[in-house]
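Asker: The following comprises the amino acid sequence and a computationally predicted model.
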Amino acid sequence: MKQYGLFGVALLSLSTSTALAVNPMNGLYAGVILGGSYAPKGTINFNAPVTPNSTSCSSSASCTPASGTLAYSGYGNIGGQIGGRYNQFRVELEPVVNYNPYQKITVGTTKYTSPKSSTALRLKGSTTTAALMLNAFYDFYTPQSQTDFVPYVGAGIGYANVDNSIQFYCNNVTIPCTQLSESTHSAAVQGIVGAAYFMDDFTWFGLDYRYITTQKVNIMTSRVEVHTINLSFNGMFYCA
């Protein structure tokens with residue numbers, strides 16, 4: 001939740017600035033993006049340790065194939081962009097990495113949780129999605145408009161590498177047969193809606209919501225879906 005609080009403070013501080021006439025320059029720009037991310041629940045296939053219960057386990061336990069409902073903890077993403085502007089239209093190339101750790105897996109009435117440390121049975125896992133996206137944006141402004149805030153919408157297509165890893169521990173010792181790691185390549189799409197604050201005609205901040213999804217990932221038997229709230233900064237390096 002800390003990431004979302006920072007975005008609110010940033011937006012509040014920007015809103016106290018004096019309005020200016022927006023006249024963004026056409027040309028090339030580059031920037032960075034940082035955000036908080038949330039991934040919805042999914043279904044995952046994994047090797048469950050055979051133990052009497054969650055408080056009695058053995059690091060040499062055998063495993064059995066299982067399928068359960070996976071819940072994530074919120075985390076974050078980081079990336080950058082390089083793009084070009086022509087009036088209200090922008091096109092950019094965005095490399096971005098999303099990281100979401102596993103929170104718990106539920107199989108029937110059994111729950112496997114992921115505390116940082118435990119004297120009993122616990123799981124550790126994560127989904128890391130590294131994507132290269134080609135995004136197109138439309139900025140809702142008119143030249144010389146008396147506002148420094150500009151709403152925008154966008155959409156993107158690209159290519160993603162999705163890494164999933166999972167393992168179980170007994171008294172903080174790895175149970176070898178539970179270790180699984182999978183890397184899947186997939187097409188990806190995303191939708192974007194947000195607003196920009198222009199410091200001048202060459203630099204601006206952006207605050208937006210993005211939804212990105214991939215094709216089916218084998219270990220999860222479903223798509224990867226990630227919701228993000230992002231703060232970005234962009235600056236022109238070549239004006240047409």
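Answerer: On my side now, so go ahead.

Asker: Every contact and neighbour count from this point should use C-alpha atoms.
Answerer: Will do.

Asker: Give the bridge partners for residue 94, please.
Answerer: Residue 94 forms beta bridges with residue 133, as assigned by DSSP bridges.

Asker: wait, it sits on residue 78?
Answerer: No: if you go by CA atoms under 8 Å, residue 94 and residue 78 don't touch, sitting 10.4 Å apart.

Asker: Those two: who's more crowded?
Answerer: A count of neighbours by other CA atoms under 10 Å puts residue 94 above the other of residue 94 and residue 78, at 21 against 18.

Asker: ok, that one to residue 75 distance?
Answerer: As for residue 94, its distance to residue 75 is 19 Å (criterion: CA to CA, to the nearest Å).

Asker: Break down this protein into its helices, ranges please.
Answerer: For the chain, the helices defined by DSSP state H cover 2-14.

Asker: pLDDT weak spots in it?
Answerer: Scanning the chain for pLDDT under 70 picks out the ranges 1-21, 52-55.

Asker: The longest strand seen in it - contacts with which helices or strands?
Answerer: The longest strand of the chain (DSSP state E) is strand 149-170. Here strand 149-170 touches strand 121-139, strand 180-198, going by 3 or more CA pairs under 8 Å, 6 or more residues apart in numbering; DSSP states H and E.

Asker: would you list those in a markdown table and tack on mean neighbour count and distance to residue 170?
Answerer: Compiled in a markdown table, these are given as follows (neighbours: other CA atoms under 10 Å; distance: least, CA to CA, whole Å):
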| stretch | mean neighbour count | distance to residue 170 |
| --- | --- | --- |
| strand 121-139 | 21 | 5 |
| strand 180-198 | 18 | 16 |
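
Asker: Could you point out which of the ones you listed sits nearest residue 214?
Answerer: strand 180-198 (4.4 Å; CA to CA).

Asker: could you give the angle of that closest one to strand 121-139?
Answerer: Per axes from the mean of the first three to the mean of the last three CA atoms, to 10 degrees, the angle that strand 180-198 makes with strand 121-139 is 40 degrees.

Asker: Residue 101: neighbour count?
Answerer: 22.
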